[in-house]
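[1] A predicted structure for the sequence below; I have some questions about it.
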Amino acid sequence: MEMPTPSTQRTTLISEPFDMVVFGGRGDLAKRKLLPALYELDRDNRLPPDGRIIAVSRGDMSHEAFIKLVEESCVEFSTKGKPLDSNVWARFSRRLSYTGMDATSPDAYGALTGMLKDRQAVVRVFYLATAPDLFGPTAANLGRKDLVTPDARLVLEKPLGHDLASSRAINEAVGAVFAERQIYRIDHYLGKETVQNLMVLRFANSLFEPLWNRTHIDHVQITVAETVGIGGRWSYYDQAGALRDMVQNHLLQVLCLTAMEPPISLDADSVRDEKVKVLKSLNMLAGQEAANATVRGQYRAGAIDGRPVPGYLDETDAKGTSDRETYVAIRAEIDNWRWAGVPFYLRTGKRLPQRCSEIVVQFKTPPHFIYPSYGAVPPSNRLIMRLQPNEGVRFQMLNKRPGPGELRLQQTALNLSFADTFGTVIPDAYERLLLDVIRGRPTLFMRVDEVEAAWRWTDSILDSWQQLNVPARPYTAGSWGPSAAIALIERDGRTWHEDDA
Ligand code: BG6
């Protein structure tokens, strides 16, 4: 989906040269996502010839060693083990350079300043793929060293704080140097093709919008299930947990796109205004109500795909005992005219039986059912938007099973698989997002008020968990989470969607 550039924003064509400075330039995110995504963009001829990528990180590294590291990362994460295209690699590797420096020290910026100084007119992107406590000091130093051109962009990776107060502190610190229009806060879910398709489905077709409300929709489920555990990230994760790590950002963003009003256009503020309204309309869950409407869980040892996996507390880098949740389920409600009384069930967890992210919109059953042979209550129509893997859209409905004799009805699905229909490999979310940063298109990035509204809602849940000592219930790795999560939806007479594709 090509997002138009808002008229108020400076148009930046990808043909314009750019300098992208990646802080944390040899860290995990850079190696797994950013550098391979930039390589892919180059392979697709989307980067201008005069585009440079300057990796910055603590510690020295020779140019050759850095180039080798990037090559290995691209082979591992971009071409999945296959050799890189030699022409593309030759072009891409010429863009790369590495500078060892401590971004928190104003005195360390000499080499970087030297590299940037002759290119004032070039689009300048500072990508902070670092710990969030470095965001403020790095932005301050960029300002102090006069590196922030009027058109420069600052990209921030999550976590944007661990609660509203810390998020505000970050936003204020970077806001002292960069204008809000220059700040690109990443939620990589917004870069996923299928998440963007959610808006296309809703707003480019006339079929859904008239039905998209409390009159016709019974409830909505948003699931982000992962098979991976926390091994290797325990220190970060044990401070965060599933609510902060996944719900505050990814699940709430998906919820916003599912529930928002049609924006007047695709320009950044029109879309973000509508998303903020959803976040502000979320019923604030507090005290006992929050405890009743949420379930926390933590995985114990189990098996996934027949392979034994350790429990959260037995991960190799685990440090002692912890009650941190690796699973969360929430019954949320949106208090507005469109959605009053329609529950939105959210769930996400690590070490679940399959990797699967989807949105399920369940419609109400017909008010009067004339096929008694089928049973008293027909199954509901369900629109299932599969975000990953096997990206696609499915619509479940009743059909007559062909044949004479007794009328037989069967639940069947209209099935649109992206892979079969478009015959293309789905690009990684970072490719779209990096391109949008260079082009100056902020629609798919979070505005400060969105981030803060999302924290306000999650903080209220976190506070009540703490006050009421809501425990993380154990679940076996490879199961669908604690039984209390099943009870959460079943006590409303509903069930979690199970993939029957
Ligand atoms: C990240 C979380 O933001 O998203 C991880 O920190 C999580 O814990 C990841 O695994 C999931 O992203 P994706 O694209 O694999 O669904």
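    Everything's here; your move. Numbers count the residues shown, from 1 in each chain.

[2] Contacts only, for residue 312.
    Counting by Cβ atoms under 8 Å, 6 or more residues apart in numbering, residue 312 touches 229-230, 298-300, 318, 322, 324, 326, 350. Where C-beta positions appear, they are placed from N, C-alpha and C, glycine not excepted.

[3] where does this protein come near the ligand, residue by residue?
    158, 226, 245 (Cβ under 6 Å from any ligand atom).

[4] mind pulling up the phi and psi values for the one residue sitting closest to the centre of the chain?
    With distances taken as Cα atoms, centre = their mean, residue 189 lies nearest the centre of the chain, 2.5 Å away. Torsion angles at residue 189 (phi, psi; degrees, to the nearest 10) stand at phi -60, psi -30.

[5] Residue 60 - how many residues pack around it?
    10 (other Cβ atoms under 10 Å).

[6] mind checking the SS state of the residue nearest to the residue nearest to the centre of the chain when sequence neighbours are not counted?
    Closest residue in space to residue 189, ignoring its immediate chain neighbours: residue 250 at 4.3 Å, by Cβ to Cβ, 6 or more residues apart in numbering. Following DSSP: H, G, I helix; E, B strand; the rest coil, we place residue 250 in the helix state.

[7] Where does the prediction get shaky in this protein?
    Along the chain, segments meeting pLDDT under 70 span 1-15, 500-501.

[8] Setting aside sequence neighbours, what's the nearest residue to the closest residue to the ligand within the chain?
    Residue nearest to the ligand within the chain: residue 245 (4.8 Å; Cβ to the nearest ligand atom). Spatial nearest neighbour of residue 245, chain neighbours left out: residue 237 (6.6 Å); criterion: Cβ to Cβ, 6+ apart.

[9] And for residue 106?
    Nearest non-adjacent residue to residue 106 (Cβ to Cβ, 6+ apart): residue 141, at 5.1 Å.

[10] I figured that neighbour was touching residue 104, is that so?
    Yes. Counting by Cβ atoms under 8 Å, residue 141 does reach residue 104; the two are 7.2 Å apart.

[11] So for these two, which residue has more residues nearby?
    residue 141 (22 against 15).

[12] Put the alpha carbons of the helix or strand where that one lies into CSV.
    In this structure, residue 141 is located in helix 135-144 according to DSSP states H and E. C-alpha atoms of helix 135-144 as CSV (Å, rounded to 0.1, in the frame of the first residue of the first chain):
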residue,chain,number,x,y,z
PHE,A,135,17.4,7.9,23.7
GLY,A,136,17.4,11.2,25.6
PRO,A,137,21.2,11.5,26.0
THR,A,138,21.9,10.6,22.4
ALA,A,139,19.3,13.1,21.1
ALA,A,140,20.8,15.7,23.4
ASN,A,141,24.2,15.1,22.0
LEU,A,142,23.0,15.2,18.4
GLY,A,143,21.5,18.6,19.2
ARG,A,144,24.6,19.8,21.0
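
[13] please renumber so the chain begins at 54
    Got it, the first residue is 54 from now on, which makes the last one we talked about helix 188-197.

[14] just checking, what packs against that helix?
    Under the contact criterion of 3 or more Cβ pairs under 8 Å, 6 or more residues apart in numbering; DSSP states H and E, helix 188-197 touches strand 176-181, strand 206-209, helix 217-228.

[15] what inclination does that helix have with respect to helix 217-228?
    10 degrees (axes from the mean of the first three to the mean of the last three Cα atoms, to 10 degrees).

[16] Give me the residues contacting helix 188-197.
    Contacts of helix 188-197 (Cβ under 8 Å, 6+ apart): 76, 156-159, 162, 179, 181, 183, 201, 207, 209, 222-223, 226-227, 229-231.

[17] For residue 243, see how far away the closest residue to residue 177 other than its chain neighbours is.
    Using Cβ to Cβ, 6+ apart and skipping the chain neighbours, the partner closest in space to residue 177 is residue 205 (4.2 Å). Distance of residue 205 to residue 243, given as Cβ to Cβ, to the nearest Å: 22 Å.

[18] Which of those two has more residues huddled nearby?
    residue 243 (25 against 20).

[19] So the more buried one sits against residue 489, correct?
    No. Counting by Cβ under 8 Å, residue 243 does not reach residue 489; the two are 9.6 Å apart.

[20] Can you check which residues contact both of these two?
    Common neighbours of residue 243 and residue 489 (Cβ under 8 Å, 6+ apart) are 497-498.

[21] and residue 504, what are its phi and psi?
    Torsion angles, degrees, to the nearest 10, at residue 504: phi -60, psi -40.

[22] Now it: closest residue in space that isn't a chain neighbour?
    By the measure of Cβ to Cβ, 6+ apart, the closest residue to residue 504 outside its immediate chain neighbours is residue 213, 5.5 Å from it.

[23] List the residues that contact the one you found.
    Contacts of residue 213 by Cβ under 8 Å, 6+ apart are 185, 220, 223-224, 238, 504.

[24] rewinding a little: any of the contacts of helix 188-197 buried? List them.
    With neighbours counted using 16 or more other Cβ atoms under 10 Å, the contacts of helix 188-197 contain these buried positions: 76, 156, 162, 179, 181, 183, 201, 207, 209, 223, 227, 230-231.

[25] would you turn those residues into TSV with distance to residue 314?
    Shown next, in TSV, are these (distance: Cβ to Cβ, whole Å):
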residue	distance to residue 314
76	37
156	41
162	45
179	34
181	33
183	36
201	35
207	30
209	27
223	29
227	30
230	34
231	30
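
[26] quick one: which two of those residues are the most distant?
    162 and 223 (20.7 Å; Cβ to Cβ).

[27] Provide the secondary structure category for the closest residue to residue 172 other than its chain neighbours.
    Of all residues not flanking residue 172 in the chain, residue 72 sits nearest, at 5.9 Å (Cβ to Cβ, 6+ apart). The three-state assignment at residue 72 reads strand, by three-state DSSP.

[28] Any idea how many residues pack against residue 72?
    Residue 72, neighbours per other Cβ under 10 Å, totals 21.

[29] and if you look at residue 284?
    Residue 284 has 16 nearby residues by other Cβ under 10 Å.

[30] for it, helix, strand, or coil?
    Following three-state DSSP, residue 284 is assigned to coil.

[31] how far away is the nearest residue to it once chain neighbours are set aside from residue 291?
    Closest residue in space to residue 284, ignoring its immediate chain neighbours: residue 368 at 4.6 Å, by Cβ to Cβ, 6+ apart. Distance of residue 368 to residue 291, computed by Cβ to Cβ: 10 Å.

[32] what's the overlap in contacts for the two?
    With Cβ under 8 Å, 6+ apart, residue 368 and residue 291 have common neighbours residue 283.

[33] Would you map the helices across the stretch 304-453 of the chain?
    For the stretch 304-453 of the chain, the helices defined by DSSP state H, counting those that start in this stretch occupy 305-312, 321-334, 340-346.

[34] Just want the angle from the second one to helix 305-312.
    It refers to helix 321-334. Going by the same axes, to 10 degrees, helix 321-334 makes 100 degrees with helix 305-312.

[35] which other residues reach helix 321-334?
    59, 62, 252, 305-306, 308-310, 312-317, 387-389, 392, 494-496, 498-500, 502-503, 506-507, 510.

[36] And the strands in the stretch 254-403 of the chain?
    Using DSSP state E, counting those that start in this stretch, the strands found in the stretch 254-403 of the chain span residues 270-278, 347-353, 355-357, 360-362, 380-386, 396-402.

[37] Go through the longest one and flag the buried ones.
    Of the residues in strand 270-278, those buried by neighbour count under the rule 16+ other Cβ under 10 Å are 270-278.
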